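Peer 1: only the shape, not the letters, is given here:
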C-alpha cells in the first residue's frame, strides 16, 4: 500500500466517526425542537368583511389592517370592520369597488390599486379618497 492510499484511509477512519457523531447530535436537537404555535382567526361577511375574496392585505402605521376586496375596502381595528365603497354621488369616495392592491403611504395614508379607475389614495386625516388617474 503506498503512502497516499494510507493517508486517504486514515482520513476516512477519522472523518467517518466524526460525521456519525454530528449526525446523531443534530438528530437529538431536532427531536427537542418545538415549533411555535400560532393562533389564526378567520373572518367572513358575517363578521363585517364586505366580501369573501380578499385581493390584498396591509397594515398602516397606526396598526389598522386594510383589506382590498372585490366589493370595497375594509379597515379592521382588531375588533370591528369599517367598510368603504364607491358612491357615485360623492367624489371623495372610492373610485371603484373592485380593488386589487394596497400599499401604506409614507404620510400615513394608503395607496389603492383599483380594477378600472387606476390608483387612488386614502387620506387618513380627512377620511376621504382621491383618484390619481
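Peer 2: That came in fine, so what should we check first? In this text the structure is predicted, and so the values were computed from the model without any measurement.

Peer 1: which residues sit in contact with residue 80?
Peer 2: Residues near residue 80 by CB atoms under 8 Å, 6 or more residues apart in numbering: residue 48. Where you see a C-beta, it was placed from the backbone N, CA and C, and this is true even at glycine.

Peer 1: and it, how close does it get to residue 99?
Peer 2: With distances taken as CB to CB, to the nearest Å, residue 80 is found 20 Å from residue 99.

Peer 1: cool, residue 58 as well?
Peer 2: 11 Å.

Peer 1: which one's more surrounded, the two?
Peer 2: Each of residue 58 and residue 99 has its neighbours counted (other CB atoms under 10 Å); residue 99 has more, 29 against 16.

Peer 1: beta partners for the nearest residue to the more buried one once chain neighbours are set aside?
Peer 2: Excluding its sequence neighbours, the residue lying closest to residue 99 (CB to CB, 6 or more residues apart in numbering) is residue 68, at 3.7 Å. Assessed by DSSP bridges, residue 68 has beta-bridge partners residue 56, residue 73.

Peer 1: neighbours of residue 68, how many?
Peer 2: With neighbours defined by other CB under 10 Å, the count for residue 68 comes to 23.

Peer 1: isn't it right up against residue 98?
Peer 2: No - contact criterion CB atoms under 8 Å: residue 68 and residue 98 do not qualify, at 9.1 Å.

Peer 1: report the contact partners of residue 114.
Peer 2: Shown in contact with residue 114 (CB under 8 Å, 6+ apart): 94, 95, 96, 98, 99, 100, 120.
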